[in-house]
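Novice: here's my sequence, what's the structure:
(2 chains, ligands or ions: 1)
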Amino acid sequence: MSLRDQLTEIKEKGLADIEQTNDLKKLNDIRVHLLGKKGPITAALRGIKDLTPEERPEVGSYANKIRDAITVAVADQRQKLEDAALDAKLASEKIDVTMPGKPVAQGQPHVIQQIIDQIVDLFLGMGYEVLSGPEVEEDKYNFEMMNLPKNHPARDMQDTFYISKEILMRTQTSPMQARALEKHDFSKGPLKMISPGIVYRRDTDDPTHSHQFHQVEGLFIDEHVTMADLKGTLITMAQNIFGNKFDIRLRPSYFPFTEPSVEVDVTCFNCMGKGCDVCKHTGWIEVLGAGMVHPNVLDMAGVDSKKYGGFAFGVGPDRFAMLKYGVDDIRDFYLDDVRFLNQFSKRGN
Amino acid sequence: MKVSYKWLKKYLDLNLPAKDLAEKIERTAVEVDSVTVAEDGLKKLVVGHILSMTKHPESDHLHICQVDVGEDEPLQIVCGAPNVAADQKVIVALPNSRIGGNVKIKRSKMRGVESQGMICALDEIGFSKDVVPKEWADGIYVFDDDVPVGEPIYKYLGMDDPIIDLDVTPNRGDMLSILGTVHDLAAIYDQKPTIKKPVVDEDNSLDANQVIQATADEKLAKTYKLRVVEGVKVAPSPSWLQIVLWNAGIRPINNVVDVTNYILLKYGQPLHSFDKDKINGNIQVRMAAKGEKLTTLDEDKHELTTDDIVIADNDKPIALAGVMGGFNTQIDESTTNVVIESAIFDSFRIRKAAQRHNLHTEASQRFERGINPDGVQDAVDEAVSMIKELAGGKIAKGTVTATEYHPELPTIFTTAERTNHVLGTSFTTEEIKNIFDRLGFSSEAHEDGLNVTIPARRWDIFRDADLNEEVARIYGYDNLPATLPTGRQSIGILTPTQKLQRASRTALEGLGLTQAISYSLTTAEKAKMFMMRKSFETKLLWPMTQDHSVLRMNMLSGLLDDVAYNHAHKVNDVALYESGRVFYKDSAEQIRPEEVEHMAGVITGNFTSPLWNNHVQPIDFFQLKGIVNQFLLNLGVKGDIEYTATDQYPEMHPGRTANISIHGHYIGFLGQIHPRIAKKFKIKETYGFDLNMQELIDLPKDDDQYKPISKYPSIKRDISLVVDQDVTNDQIMQVMNKRGGAFLNNVRLFDVYEGENVSDGKKSMAYSLTYVDPRETLKDEVVNKAFEKIKKRLTADLNAEIR
Ligand SMILES: [Zn+2]
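Specialist: Residues are numbered from 1 along each chain as shown, chains lettered A, B, ... in the order given. Have a look, this model is predicted:
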């Protein structure tokens, strides 16, 4: 048998052994045996000295090829065995992915806060600033400067918690109109503000009344602000908070601090305007009050009503939340049942 | 104000469904509460004629009636009404009819006798008991003789008339009358109704001013007029008048009183009728004297105050002016001579009197909102004419006038340009003038605009802004364009404080707490719990309930109320925060409190719900401390956050509460709610914090700076030491941080142990120390040296035994 044939035989037997091995240790033993200094290839190559100088390089090169082939075969077989072992391990690691994930604590903003934030963000986008004011207010700001002098009958519409004769729990966020008007420097630009906050009424708590609730006041005063602008602004708000399909309508109303005064209705959520029990078959639901700021309010705050004018509106976030989500008891907002609060967890709306 | 559609149609040409009219009113004038037609929901109710009547053999109060209902055969109906009698025309509910309250009437047997329907009382077919005339209150209703048998009953009772209930705003007192409503609808529909002035057929032989004299203080009654009718015969009113009244929600009384109420509805002018013969001497409008008493028509006794206006005769009050008449001078069946009062009383005093005596009447409501000064005489003139017509007698010549007021009509200058400037419209002067014409406001061209004269019936209008409203509503808000403001620009941006407040809420939510909103008004006891500073309480003068009577001086008590509510509803795991205000007063004399922004939170139960494969650790002090500390880190307040044990809050656990300060500023506390307080609130083990958010907002914040991360490897050393029980982590940390050398970067407590192998009164604490040099690779020798120094100091300063 020629040396070349010897080598070929070693190779074929070696490759067969490698392929049959299913144990990583044995595979390594085979590799060490075949390629080692005491292995068959080394042994066979001892016969190279008997060859002619011309034949030697060729057989040497052939031996190297065989070594390479064996190295590759070992690596392939190792990969195969490792893959099989991993597959077996993975198969044993199978879990029930339908079991619940580990609980992570995550709090929610209060639903009324969410409504307030939506309104605030919308008006920030329209260039309004956000103001906050005292909850314990002077009669002067809450009533008198809002064109509600001491004996005004409209004061009876708002039952008031008094602290003293002149100090009270604000019944509305409207005093922020007077406070903002007093401070604003019109040479610097228009007065555009919204003011969210808590207000108080001397009411007995029941499903539709709460002695504490929220309002967001809005005010826009400049040299030329019209009632049509008010209408456009309110449509923008309604569609932003409730959705594009919602429309508004204005109805005459009465607030001492605006003239003209309007109540604003929005398309009924329940029937989308077709008429149902919720909207008393009108297709509309009252959501807020608004109007053009009364000249008396401007004049009392030291703003020239002949030069400046504009609109104001007052939104009830509690009412918005009740309508938007169908909450039928306003007290739910102040009892803080975590099962109630955690329902309003939808983000980014 | 309940307005009859039929009545409106007497003046206006209205050919649209009542619902549509109501919608128009709502969009143009005032809110509409409801539109109701009394016959809606009723079925098969007809006029029946009782042909004969016999006693029921088995009953002492039932009768068996044979009733002609316009069919071939009469129906046999058993009736128990005390006033039933043969030959009456009555309301018959036929078999299979439907009466009030959606009740169905079927053929039935009553004590063995067949009854083919029912003879009805007014309240049985849906009338409110408040409007049923006394005559018919305890029995069936009996029609006038001329009502045709077999016809549906509705039109003979006014039940086919749509009633539009207006919710009139305080400024539109003029709409509290049929004529006022007619004027407004005339403007809306551009019609010119004819409103006739009353003509009085006076008897010249009788002079009112000889019969009675009246005096009045102008401050109390700007106008005060009386007319006299003598020789009347008091009786029930004709059915048409009764219908008008009951449809307006007013109970018919008799033909004198009913006329005054009819005039009140028509003109919005409250009238009062006195029995002339019960008046002693002359009439005087004055303030009540101290101690005077009056029994009003509803037979309630009132202690009068010196703020009440009364109508008095020579020796006693005979009416609470503008609110209700006195029982002592009321019209009864024997009355023959009547005095009718038509006046304008001071609206403020009437409002207060109505509130004081809790007597809100049709009259007081109208005096409160204002009276048309030009209608006072017409109202009383029409009243006496009607009384003469319905009750007979003769009308005394003339009117007794104590005071009389005719205001100068306001003339307002306005221009189309000004109106367009406010409304965003593009009216011409002509178009605006046309709207004023429709409203019945006369106008004249003046300079570039109009001088508009306002009639007395619209006392709510006195400046150009008011005219803008009239133009806008008659033109229609639906027709108003919708635009967004143009003009000078502005930037909308949150202030740093607002940003911080918003971020603080987001931070706490991320840390697992849900936002709560509790009540700022609480009990006196809860208001002064968990006090962070000395403060006096702010109390309401007239609270509705003691539960909400004092302004909170802490945020925690409200959150504990929330926890209690949750526990009561079997919710044990609660994690809430609240951002709100507390109200402090530095002295008892201070009236207006200082409002301070606070941030508070509570956790109780399990912080996260238990998982299927492990047990969740119930919350404890350190769980809450972790939340609060992370929250404070998020705010980036400059300086170290320090926690010091405190027992200063009586409502907190004395051994599990820490005051928190940053850079030496006290900002609040956290800890376990005292078990005694928890018991009082009926809540389980609860932990809470209350922070002065205003302080956190005001304190300086970390600079916006970045510190490079060291590229060189760090070296760790662990140390375990045994110290006395009362040595705190803070003491150990202070030694380590102070003596740790330049490269000590971080110290972390990783184990605390007491018990076996640690002697009594001692504890073992293990820390992991990390050393880093930002400039080069640290050498072991350097760290060893620093570490040895720490060990030495701990032994020396804290008597620590290093293990
Ligand atoms: Zn609807």
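Novice: what's the neighbour count on residue B:792?
Specialist: 12 (other Cβ atoms under 10 Å in any protein chain shown). (Glycine included, C-beta is placed from N, CA and C.)
Novice: tell me the secondary structure for it?
Specialist: helix (DSSP: H, G, I helix; E, B strand; the rest coil).
Novice: state the pLDDT value of it.
Specialist: Listed pLDDT for residue B:792 reads 92.
Novice: now it: how far from residue B:735?
Specialist: Distance of residue B:792 to residue B:735, computed by Cβ to Cβ, to the nearest Å: 10 Å.
Novice: could you check how far the residue nearest the centre of chain B is from residue B:88?
Specialist: For chain B, residue B:544 is the residue whose C-alpha lies nearest the centre (Cα atoms, centre = their mean; 13.6 Å). Between residue B:544 and residue B:88 the computed distance is 52 Å (Cβ to Cβ).
Novice: with residue B:116 instead?
Specialist: For residue B:116, the distance to residue B:88 - Cβ to Cβ - is 17 Å.
Novice: hmm, stretch B:11-28 touching chain A?
Specialist: Yes: residues of stretch B:11-28 contacting chain A under Cβ under 8 Å from any Cβ of the partner chain: B:23, B:26, B:27, B:28.
Novice: wait, which of those residues is closest to the ion?
Specialist: residue B:23 (14.3 Å; Cβ to the ion).
Novice: what are the phi and psi values for that closest one?
Specialist: Backbone torsions for residue B:23, taken as degrees, to the nearest 10, come to phi -60, psi -40.
Novice: for it, give me its contacts.
Specialist: A:282, B:32 (Cβ atoms under 8 Å, 6 or more residues apart in numbering or on different chains).
Novice: cool, residue B:385 as well?
Specialist: So, once contact is read as Cβ under 8 Å, 6+ apart, residue B:385 ends up touching B:198, B:199, B:200, B:201, B:395.
Novice: most neighbours, which of the residues you listed?
Specialist: If you rank the contacts of residue B:385 by neighbour count (other Cβ under 10 Å), residue B:395 sits at the top with 21 neighbours.
Novice: my guess is that one contacts residue B:200. True?
Specialist: Yes: counting by Cβ atoms under 8 Å, residue B:395 does reach residue B:200; the two are 5.9 Å apart.
Novice: so residue A:72 is in which element?
Specialist: In this structure, residue A:72 sits in helix A:55-92 according to DSSP states H and E.
Novice: could you point out which element follows that helix?
Specialist: Defined by DSSP H and E, the subsequent element after helix A:55-92 is helix A:111-125.
Novice: hmm, that following helix in reach of chain B?
Specialist: Yes: using Cβ under 8 Å from any Cβ, we find that helix A:111-125 touches chain B at A:112, A:113, A:117, A:123, A:124, A:125.
Novice: packing partners for the helix or strand that that helix is followed by?
Specialist: Counting by DSSP H and E, the next helix or strand C-terminal to helix A:111-125 is strand A:129-130. With contacts taken as 3 or more Cβ pairs under 8 Å, 6 or more residues apart in numbering or on different chains; DSSP states H and E, strand A:129-130 sits against helix A:111-125, strand A:191-200.
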